[in-house]
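Student: Next input, structure requested:
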Amino acid sequence: MAQEESVIASLDLGSSKVVALVARVHRPEEIELIGLGIAPSHGIKTGAVTNIELTSRSIREAIEEAELMSATQIESVVINVTGKHVRGDNSTGVIAITNRERVVTSNDIYRVIDAAQAIRIPADQEILHVLSREFKVDDQNGIKDPLGMVGVRLEADVHIVTGGTTQLQNLDKAVEQAGLYVRDRVLSSLASSHAILSDGEKELGVAVADIGAGVIDIIVYTEGGVAYTTTICLGAHHITQDISIGLKTPLEAAEMLKKRYGSVLPQDIDPSEMIEVPSVGDRPPRLKPRRELAEIMEARMREMLEMIDHELLKSGKKNLLAGGIIFTGGGSLVEGLIPLAEEIIGLGASLGAPKGLLGIADRISSPVFSTAVGLILHELRANEDGIKKTAGRMNFVRKIKSWLQNNL
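Tutor: Just a heads-up that it's a prediction; the model follows:
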């Protein structure tokens, strides 16, 4: 990789915070994290920009902190995309193999992928990703790379992710107003899955639920490919709001109580254990049972987990998830999430965090940073495989081979 391409920066635009991460890539398997910047998020709600000026300030603040730590000037970033404007749909393309030898060529793969994309996309949506699930040659299915196989009919199953054009443009504008170039846009759940899943887990069948402040991003893998993606517009901030209302305390105090004393298993808490709850205004703090806090949190978390379960059932793949469900994101750190999730969803559950990195990896080995790390891993894979918008100089055969490697 050229020297100017050896540094990759990512920007995780969340509802509660903006995370900027800088990595130096020595080799594909040797990624050194050299810079981290975190700023409170303003102007973003449930994945959508509501105020470009405020969002740009948050971005600039996070970027400047990351630049200072890494001693690197950041010019371009990979950003995440999430929110209710994002849609995921499965599609199938079919073509006839027309050459005399009936051998699948790179041109055939290009044509069948193009055919699979021929779905009706609303005028206000644009394609973010075309993710390969599997190919079929005649009656043989489960094929990951059909290049060179013999047959008369080639079929491709893909998962197409689209995003709202207006929302994407507002994201770009906020980043550009902060003095940066958008290098690539990546679905949040796809990025998080890069950071926490192994190829074996994807083959086994696994779901990832990334619980952020404003949204829950879900991605489902079966047989190594993406089978389902969706976003639920609920998140950890809704738990904070419930605490604020239920305990009659300011939002900042509710967030503190959630992090310091929070649990979603009230039955495990001693009924006599008391916590100090700040009051609104100048009134003195009050003592409340910690179990009352847990009951408020459990009610909202139970609702969120039931919605996740509904989406897994809707995907039609729940019974194929031998790898269970892996939770990540800042909202997954709440005490008691895993046993409650296993009770409600009925699958094995665990927490996922980035691992296998160098540099300041100890500072980001938390579910909080899964998306930011995954954005860098996604871009690294794109760089190595050459599948970028600027990669027109590559020959066609190499493009197809690289696309297959990048999307399987």
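Student: Quick check, Glu30 in contact with Leu357.
Tutor: No. The criterion here is CB atoms under 8 Å, and Glu30 misses it with Leu357 at 9.1 Å. All C-beta spots, glycine's among them, are computed from the backbone N, C-alpha and C.
Student: Among these two, which residue is more densely surrounded?
Tutor: More neighbours surround Leu357 than the other of Glu30 and Leu357, with 19 against 11 (other CB atoms under 10 Å).
Student: Need the phi and psi values for the more buried one.
Tutor: Note on Leu357: backbone dihedrals following degrees, to the nearest 10 are phi -110, psi 170.
Student: Number of residues surrounding the closest residue to Pro271 other than its chain neighbours?
Tutor: Take Pro271 and drop its neighbours on the chain: the residue closest to it by CB to CB, 6 or more residues apart in numbering is Arg291, 5.6 Å away. Arg291 sits with 21 neighbouring residues when counted by other CB under 10 Å.
Student: Check which helices and strands the host helix or strand of Ile127 is in contact with.
Tutor: Under the criterion of DSSP states H and E, Ile127 resides in strand 125-137. Counting contacts by 3 or more CB pairs under 8 Å, 6 or more residues apart in numbering; DSSP states H and E, strand 125-137 is packed against helix 106-116, strand 140-143, strand 153-164, helix 165-177, strand 181-187, strand 225-232, helix 396-407.
Student: what angle separates the fourth one from strand 181-187?
Tutor: Relative orientation of helix 165-177 with respect to strand 181-187: 140 degrees, computed using axes from the mean of the first three to the mean of the last three CA atoms, to 10 degrees.
Student: Now do helix 165-177 against strand 153-164: the angle between them, please.
Tutor: Compare the direction of helix 165-177 with that of strand 153-164 by the same axes, to 10 degrees and you get 70 degrees.
Student: With the first one instead?
Tutor: Taking the same axes, to 10 degrees, helix 106-116 and strand 153-164 form an angle of 50 degrees between their directions.
Student: got the buried residues for helix 106-116?
Tutor: Going by neighbour count (16 or more other CB atoms under 10 Å), the buried part of helix 106-116 is Ser106, Asp108, Ile109, Arg111, Val112, Ile113, Ala115, Ala116.
Student: How is this structure divided into domains?
Tutor: With domains defined by automatic domain parsing, the chain comprises 87-163+398-402, 242-298.
Student: Of all these, which one comes closest to Phe369?
Tutor: Set against Phe369 and scored by CB to CB, the domains of the chain come closest in domain 242-298, at 16.5 Å.
Student: Check the separation of the first and last residues in that closest one.
Tutor: The straight-line separation of the ends of domain 242-298 (CA to CA, to the nearest Å) is 11 Å.
Student: ok now that domain, how far from the chain's centre?
Tutor: Remark: domain 242-298 is offset 30 Å from the chain centroid, using CA atoms, centre = their mean, to the nearest Å.
Student: now do stretch 240-257
Tutor: Mean-position distance between stretch 240-257 and its chain equals 27 Å (CA atoms, centre = their mean).
Student: And stretch 310-320, end to end?
Tutor: One end of stretch 310-320 to the other measures 15 Å (CA to CA).
Student: which residues touch it?
Tutor: By CB atoms under 8 Å, 6 or more residues apart in numbering, the residues outside stretch 310-320 that reach it are 205, 207, 218, 220, 222, 227-228, 230, 232, 309, 321, 325, 345, 347.
Student: circling back to that earlier point, what's the most buried one of the helices and strands packed on strand 125-137?
Tutor: For the helices and strands packed on strand 125-137, the largest average neighbour count (mean count of other CB atoms under 10 Å) is found in strand 225-232, namely a mean of 22.
Student: who does that one touch, helix- and strand-wise?
Tutor: Applying 3+ CB pairs under 8 Å, 6+ apart, one finds that strand 225-232 contacts strand 87-96, strand 125-137, strand 153-164, helix 188-196, strand 216-222, helix 290-315.
Student: quick one, the fourth one and strand 87-96 angle?
Tutor: With the same axes, to 10 degrees defining the directions, helix 188-196 sits at 80 degrees from strand 87-96.
Student: what does helix 188-196 contact?
Tutor: Against helix 188-196 from outside (CB under 8 Å, 6+ apart): 12, 47, 80-82, 129, 131, 161, 202, 208, 210, 212, 217-219, 221, 226, 229, 231, 326, 328-329, 352-355, 369-371, 373-375, 377-378, 381.
Student: Quick check, pLDDT for the residue lying farthest from the centre of the chain.
Tutor: Distance from the C-alpha centroid of the chain peaks at Arg100, with 43.8 Å (CA atoms, centre = their mean). For Arg100, the pLDDT comes out at 83.
Student: Likewise for Met256?
Tutor: Model confidence at Met256 (pLDDT) stands at 96.
Student: cool, Ile79 as well?
Tutor: At Ile79, pLDDT is 96.
Student: dump the residue contacts of it.
Tutor: Contacts for Ile79 (CB under 8 Å, 6+ apart) come out as Ser10, Leu11, Asp12, Leu13, Leu171, Val175, Val182, Asp184, Arg185, Val186, Leu375.
Student: before we move on, back to that, rebuild the domains of the chain as CSV, extending it with distance to Glu335.
Tutor: Output for the domains of the chain, formatted as CSV (distance: least, CB to CB, whole Å):
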stretch, distance to Glu335
domain 87-163+398-402, 31
domain 242-298, 4
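Student: what about Glu134, distance to Ala322?
Tutor: Distance of Glu134 to Ala322, given as CB to CB, to the nearest Å: 18 Å.
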